[in-house]
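Participant: Pasting a predicted model and its sequence here:
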Amino acid sequence: MNDQIYFTTIAIIYCILNMITIIFSLIIVLTIVLNWKMHFCSVSNLLVLNSSFIFFLYAIGCFIQTPLMISNNNNNNINFLFCQLCGFFSLYTAGTQIFTILAQAIFRYFATVLYRQKILLTFRVNTIIIILGWIIPLIISASLLVLPLAYQYESESRICYPSTKYLLGALIVSIFIFFMPLTIIIGLYGLILWNLTHFDRFQSDANNIIRYKRNIKVFHNILLIVAIMLVCGVPYLLCIIINIISETPWILYSIKTLSISLSIALEALVLFFTNDKIKKKLYEKIGFHRTQVHAIQSRKTNHINRNQILPVIS
């Protein structure tokens, strides 16, 4: 009974995190798509759209597995093909999510360090990078299907995922899906930071100052996303390390599952709240922006009325 209450609670938190991801990623996707030609036709917004769409897909995949958490199943009661497909989809979308952040890091490197090479800032080049960011995780995720124990139902977390108990599969996931892209991301942002601190500060013309401030802001925002990825990826790595030495405490499996969903939910929130154009467009749609403007105008009008010189009555 206590186990059932525990897993029900975990399932509720899991649903809340994935619902946050769905809501904010869908807002971003719809806002950019519906206003693409007028307001959002740029490479940076294309990359934000790409990330938000994969966040949405990951959260949908999580919802599909939520009933497994509530129902008390064992490995024999779970359809093998269903479990394989769910595990594959979860890994593929989680991996693609990291590669979308890598695509943003590459573009930011182009825009900051190699900005004179205009071809690197075009839609064509960055679309190719985005496509590669979908293909590489697909190849890695599909290759694990050959390993019969890579995707399996974990009774400790009650979901189908690349199991940390199977060392070969876990190492492939951690190295090619997590460590390699994350190392490249950190390396690129290290080069960007070095470039910003050693070059732009000595260039005082207006265009360089504007570009410097814009790049610093974007750098801070994406650095926050990288920090979220690092912190929330720790439980999965802990499960792998502990399984090599001894047996992982069963509660850590649930923490691992929640941490991944928490990471993507936080990343969706960061993408929304750090994008002023998307927020402004949404507020205009729901009337918040007009109400705010009207309130400001009313205060200005009242201020003028109170301070204006009254006409002399003859």
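Facilitator: Nice, thanks for sending it over.

Participant: residues near Leu102, how many?
Facilitator: For Leu102, the count of nearby residues is 20 (other Cβ atoms under 10 Å). The C-beta positions use only the backbone N, C-alpha and C, and glycine is treated the same way.

Participant: so the residue nearest to it when sequence neighbours are not counted, which of the three states?
Facilitator: Counting by Cβ to Cβ, 6 or more residues apart in numbering, the nearest residue to Leu102 once its immediate chain neighbours are dropped is Pro181, at 4.7 Å. What DSSP: H, G, I helix; E, B strand; the rest coil gives for Pro181 is helix.

Participant: Would you quantify the distance from Pro181 to Trp134?
Facilitator: Distance of Pro181 to Trp134, computed by Cβ to Cβ, to the nearest Å: 13 Å.

Participant: what's the overlap in contacts for these two?
Facilitator: Counting by Cβ atoms under 8 Å, 6 or more residues apart in numbering, the residues touching both Pro181 and Trp134 are Phe99.

Participant: More neighbours: the two, which one.
Facilitator: More crowded of Pro181 and Trp134, by other Cβ under 10 Å: Pro181, with 22 against 16.

Participant: Contacts only, for the more buried one.
Facilitator: Shown here is Pro181, whose contacts under the criterion Cβ under 8 Å, 6+ apart are Ile98, Phe99, Ile101, Leu102.

Participant: And it, how close does it get to Lys277?
Facilitator: 27 Å.

Participant: Please, which helix or strand holds Ser157?
Facilitator: Counting by DSSP states H and E, no helix or strand carries Ser157.

Participant: Quick check: which ranges of the stretch 201-314 of the chain have low pLDDT?
Facilitator: For the stretch 201-314 of the chain, the stretches with pLDDT under 70 are 201-219, 221-222, 288-314.

Participant: 50 instead, please
Facilitator: Residue ranges of the stretch 201-314 of the chain with pLDDT under 50: 201-202, 293-297, 300-314.

Participant: Of the contacts of Pro181 - the most surrounded one?
Facilitator: Busiest of the contacts of Pro181 [other Cβ under 10 Å] is Phe99, holding 25 neighbours.

Participant: Find the helix or strand that the closest residue to it other than its chain neighbours is a member of.
Facilitator: Nearest residue to Phe99, sequence neighbours excluded (Cβ to Cβ, 6+ apart): Gly133, at 3.7 Å. Counting by DSSP H and E, the element that carries Gly133 is helix 123-143.

Participant: Can you tell me which helices and strands the next helix or strand after that helix packs against?
Facilitator: Scanning forward in sequence from helix 123-143 by DSSP H and E, the next helix or strand is strand 151-154. Secondary-structure packing of strand 151-154 (3 or more Cβ pairs under 8 Å, 6 or more residues apart in numbering; DSSP states H and E): helix 80-112, strand 159-162.

Participant: Would you format those as TSV with mean pLDDT and distance to Ile245 included?
Facilitator: Listed next are the helices and strands packed on strand 151-154 as TSV, based on pLDDT from 0 to 100; distance: least, Cβ to Cβ, whole Å:
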stretch	mean pLDDT	distance to Ile245
helix 80-112	90	24
strand 159-162	86	20
